[in-house]
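Enquirer: Have a look; sequence and predicted model below, questions after that.
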Amino acid sequence: MQALLLFLILFPAAVAFLLLAAPKGRARQTVVSVSAAVIAAASIILAALVLGRGAPVYFAAGGHAVDLLIFAAELALGVIVTVISLRRKQYLAMALMLAGLIMTVVYEVWLANTVHAENNLFADNLSVVMTLIIGVIGSLIAFFALGYMEEYHRHHEDVPDRSNFFFFIVFAFLGAMNGLIFANNLVWLFFFWEVTTFCSFFLIGYGRDAVAVRNSFLALKLNLCGGLAFSAALFFLTLNAHTISLSELHDLPGGAVLLPVALLAFAGLTKSAQMPFSAWLLGAMVAPTPVSALLHSSTMVKAGVYLVIRLSPVFAYVDGGKTVGLFVALVGAVTFLLTSCMAISQNDAKRVLAYSTIANLGLIIVCAGIGNHKLAWAAVMLVIFHAIAKSLLFLSVGTAEHVIGSRRIESMDGLAGYLPRVAAGMVVGIAGMFLAPFGMLISKWATLEGLVDANPILTIFVAFGSAVTLMFWVKWLGKILIVKSAPENVETHVPRTQALTLAVLSVMTAGVCVLFPLISKYVLEPFIFETYRQIYWQDMNNIATLLIMMATVVVLTVPLVFPGKRERHFRPQYLAGANLAEKEKFHGAMGQDIQISLKSLYLQGIFGESRLFPLGVLSTLILIIIMLGVVV
Amino acid sequence: MDVTAATVIGILIYLAAAPVVGGLLAGADRVVSARMQGRYGPPLLQPFYDVLKLWQKENIVVNRQQKVYILGFFVFVVIAGCILFGGGDLLLAVFALTLASVFLIVAAYSTFSPYAHIGAEREMIQMVSYEPMVILTVVGMYMATGSFSSVDIARHDGMLFLHLPFIFLGFLFILTIKFRKSPFDISMSHHAHQEIVRGLTTEFSGRDLALIEIAHWYENVFLLGMVYLFFAPVPVVAVIVTLAAYFLEVFIDNNNARLKWQHALASSWAVTLVLGVSNVVLLAFR
């Protein structure tokens, strides 16, 4: 099993280097497709092995030589990024990077030999969930990118074609993510943590225009702040607690562990783009769509919440941990509410998705911050549902963008008519994101029920946040499902790799909804019991009700997809004027012919970014300062 | 699975009786409203005649899909009620009702009609307005009784109202929106003089419109069931309060003109923040 673990980390890295050399076209297609399949298969096999074992498995893996190698790699990468920052005259980024490097070197020279993790790697059911997300969804996104990147360069002729580098980074990213989730040694985890920061930096800056460069450095700077906090946590842990094992954190006395854990949580908040650090994820939208999908669903932000979920037993069980956890949860709660509100004011589909990602991560942070067994269940379920539905949504939007030339929601009127399959993907994704009885709603429900017991005040944030969530999804859903007269089907413009990926992800989104009781029983419940020593219990009546509701929706979609030929009395819509023979046009009161067009409400005055963003930054900053103040 | 006989009976009674009760209440509403306005008004059974007549009308549609969405609306309103009256999880019932509303909104959107579109957008604003209070109501009920199951809440010793007085008032407030009464009947109003064409339902006719009406009856009974829960231990009081709540809404309806959606949103959020949140906080620090 250890070999398989190492394979999942090293194989993507090796493929990455191969792709750097592989020529465009057939060779790259083969390498990407085959290795994506291999990674997915390997993660599924690992999942089966770990689940079959039923208990976490630890591996010594490595030794002094490996530690040195990791240190050297970290140093090399740090120097590269420093040089790039210098060349781009990004002095703040350079300073942050240098500070990080100095801390790493000092740690290595001064402390690294004083403490060793007995087991550098481990795998439990949460790792299984994560590796499946990375291995299956991440690989699918890489596969999707094959067709997409060619199109991308056809649409953006000003962008130099560096797609070799693009695929290099994507696969390196997957390897680093696997390293991050299997690492028990926090020094190793930190290395992979920083690698994901660098990967996202390179991917966001892919276009190399001014905006892309600026946003990539914004992401770098914010994430390096998290990196510094992580680094500081390593110092405190080594000095005060004499351990660097992730698995030992919750057994330590509060005095030794709370400060490092608060710092680690800080790092988790930066990486999962919580307020006040959200700006980097919004800026990341300039990158090609597969990057957004990757960052939002299977990598990067999930690394952030993963770490906070790992810390949740500390919040729940260590003396004084509850206070720290409460502030973490409050940051998540404020983020959830405000970013959900701001999503209403957005017209750019990718930006809506970005805000919704930040919001959902906020909800996960709320759960993990409180950290009791019920909320841990909800948090992991949220991670699963979000990863699948969100990647589906991003990739559908990216596909539609290439065909219709816009990703504004306002230009998606009647998408279901002329891009039925892409629209179906979007509808499935949207339903999975907020509608009962599907995906996210199941976990949101669990979140609410868990929060009432733990801290009812937090339910207020969830109540308001869920209400506004409804609005931005429903108006998008409505736009897609508008029925216009006789649209021309333009689906043939969608490349095969993309159509296939969307279909697979749609089926997966639906699949996890139906299978969630089983996922819970065989994957989550053992993990919850192992970590929290509490039994998570699903109410069978509720599950039955959910399944009945799902079945009802499925039955209802049949006549939507196959409308039948029954004769009906069709009349054009009422337009307060004489309808013209040409549909959706009317002869208006002023004597001219008018083509109707409908626009949605965006409520800028109420939910606009300029109003709410500063509010969110300020309030979460205060919360974080108090959190750090409490432990210091 | 433990589907008790009581659950089945509860659901069956709801399925059969809710449209009758809902229709009668709608009829009584019209009689009372007419009296308030100094008119003679229609007979008590008029809503049934209306629905019957609609059912026999020629069915005119803008597109093929709209009927399916409306059916979805109807089915999920009924399912929400089945969850409530079958002793299920209240949050789930609320979510089912939300899904129903989404179906209705999508139905209006699908017609690509400016008037239905405006209605649909306003319906969304209404959802954003009332949803927090509805969720906090359920949260409050859980905090008072320790259960989300409607049957456990109904059987709880002691009157919920005593623990949740502010939440009860807040719920009454958003009930005006849910009953589609003035001043918050902004997405579709039964007062023709203040509606833009016919709002959300502009493009629906015949059986579809009849189905929406019946769904509305089911929904009203569902909501009154929620009101009942506040006073469940003393059924006589509960029934009286439930009816009083309904006629309070009728009274409000007849004494107000429609407000702008901004007011609906602002006032219901303010009420939720003041009444709902304060009650939750009181329960939390009890």
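Expert: Right, received. Where do you want to start?
Enquirer: from here on, contacts and neighbour counts on C-alpha atoms
Expert: OK.
Enquirer: Quick check: buried residues in stretch A:615-629?
Expert: For stretch A:615-629, burial by neighbour count (16 or more other Cα atoms under 10 Å in any protein chain shown) applies to A:615-617, A:619-621, A:623-624, A:627-628.
Enquirer: likewise stretch A:367-380?
Expert: Those would be A:367-380, for stretch A:367-380 by 16+ other Cα under 10 Å.
Enquirer: got those as CSV, with distance to chain B, secondary structure and pLDDT columns?
Expert: Converted to CSV, these look like this (distance: Cα to the nearest Cα, whole Å; DSSP: H, G, I helix; E, B strand; the rest coil; pLDDT from 0 to 100):
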residue, distance to chain B, secondary structure, pLDDT
A:367, 17, helix, 95
A:368, 20, helix, 95
A:369, 19, helix, 94
A:370, 16, helix, 92
A:371, 19, coil, 86
A:372, 17, coil, 86
A:373, 18, helix, 89
A:374, 15, helix, 90
A:375, 16, helix, 93
A:376, 20, helix, 93
A:377, 18, helix, 93
A:378, 15, helix, 93
A:379, 19, helix, 95
A:380, 20, helix, 94
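Enquirer: Please work out which residues outside the helix-or-strand element of chain A with minimal mean pLDDT touch it.
Expert: Every helix and strand of chain A was ranked by mean pLDDT, DSSP states H and E. The lowest is strand A:578-579, at a mean of 81. With contact meaning Cα atoms under 8 Å, 6 or more residues apart in numbering or on different chains, strand A:578-579 is reached by A:572, A:585-588.
Enquirer: what about 10 Å?
Expert: With contacts defined as Cα atoms under 10 Å, 6 or more residues apart in numbering or on different chains, strand A:578-579 is touched by A:572-573, A:585-589, A:593-594.
Enquirer: Filter the residues you listed down to the buried ones.
Expert: A:572-573, A:585-587, A:594.
Enquirer: Just the pLDDT for the residue of the stretch 51-200 of chain A found nearest chain B.
Expert: Closest contact between the stretch 51-200 of chain A and chain B, by Cα to the nearest Cα, is at residue A:129 (26.4 Å). For residue A:129, the model assigns a pLDDT of 94.
Enquirer: Count the neighbours of it for me.
Expert: 22 (other Cα atoms under 10 Å in any protein chain shown).
Enquirer: which one is the residue of the stretch 1-150 of chain B found nearest chain A nearest to, not counting chain neighbours?
Expert: Using Cα to the nearest Cα, the closest approach of the stretch 1-150 of chain B to chain A is made by residue B:110 at 3.9 Å. Spatially, and ignoring its direct neighbours in sequence, residue B:110 is nearest to residue A:482 (3.9 Å; Cα to Cα, 6 or more residues apart in numbering or on different chains).
Enquirer: Sort out which of the buried residues of stretch A:615-629 are in strands and list them.
Expert: Per DSSP state E, strands hold no members of the buried residues of stretch A:615-629.
Enquirer: May I see the residues you listed organised as JSON lines, with distance to chain B and pLDDT added?
Expert: Below are the buried residues of stretch A:615-629 laid out as JSON lines (distance: Cα to the nearest Cα, whole Å; pLDDT from 0 to 100):
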{"residue": "A:615", "distance to chain B": "18", "pLDDT": "95"}
{"residue": "A:616", "distance to chain B": "19", "pLDDT": "94"}
{"residue": "A:617", "distance to chain B": "22", "pLDDT": "94"}
{"residue": "A:619", "distance to chain B": "18", "pLDDT": "95"}
{"residue": "A:620", "distance to chain B": "20", "pLDDT": "95"}
{"residue": "A:621", "distance to chain B": "24", "pLDDT": "95"}
{"residue": "A:623", "distance to chain B": "20", "pLDDT": "95"}
{"residue": "A:624", "distance to chain B": "23", "pLDDT": "95"}
{"residue": "A:627", "distance to chain B": "22", "pLDDT": "92"}
{"residue": "A:628", "distance to chain B": "26", "pLDDT": "92"}
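Enquirer: Near chain B, which residues of the stretch 301-450 of chain A are found?
Expert: A:413-414, A:431, A:434-437, A:441-442, A:445, A:448-449 (Cα under 10 Å from any Cα of the partner chain).
Enquirer: quick one: least confident of these?
Expert: For those, the pLDDT minimum is residue A:436, 80.
Enquirer: Surely residue A:41 is in contact with residue A:135?
Expert: Yes: between residue A:41 and residue A:135 there is a contact under Cα atoms under 10 Å: 7.9 Å.
Enquirer: that older thread, let me have the buried ones among the contacts of strand A:578-579 in a markdown table, adding secondary structure and pLDDT as columns.
Expert: Shown next, in a markdown table, are those (DSSP: H, G, I helix; E, B strand; the rest coil; pLDDT from 0 to 100):
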| residue | secondary structure | pLDDT |
| --- | --- | --- |
| A:572 | coil | 85 |
| A:573 | coil | 86 |
| A:585 | strand | 83 |
| A:586 | strand | 86 |
| A:587 | strand | 86 |
| A:594 | strand | 86 |
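Enquirer: Apart from its neighbours in sequence, what residue is nearest residue A:631?
Expert: Using Cα to Cα, 6+ apart, the nearest residue to residue A:631 is residue A:259, at 5.4 Å.
Enquirer: picking up where we left off before, quick one: which of residue A:41 and residue A:135 has more around it?
Expert: Taking neighbours as other Cα under 10 Å, residue A:41 and residue A:135 compare with residue A:135 leading, 27 against 15.
Enquirer: ok, back up a step: ok, which of the buried ones among the contacts of strand A:578-579 also contact chain B?
Expert: A:572-573.
Enquirer: partners of the helix or strand bottoming out on mean pLDDT in chain B in the sheet?
Expert: Ranking every helix and strand in chain B by mean pLDDT, DSSP H and E puts strand B:60-61 at the bottom, with a mean of 90. Strand B:60-61 sits in its sheet next to strand A:569-570 (parallel), going by DSSP bridges.
Enquirer: Centre of the chain to the partner strand, how far?
Expert: 45 Å (Cα atoms, centre = their mean, to the nearest Å).
Enquirer: which outside residues touch that strand?
Expert: Residues contacting strand A:569-570 (Cα under 10 Å, 6+ apart): B:58-64.
Enquirer: Can you lay out those residues as a markdown table showing distance to residue A:578?
Expert: As requested, the contacts of strand A:569-570 are exported to a markdown table (distance: Cα to Cα, whole Å):
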| residue | distance to residue A:578 |
| --- | --- |
| B:58 | 22 |
| B:59 | 21 |
| B:60 | 18 |
| B:61 | 18 |
| B:62 | 16 |
| B:63 | 19 |
| B:64 | 23 |
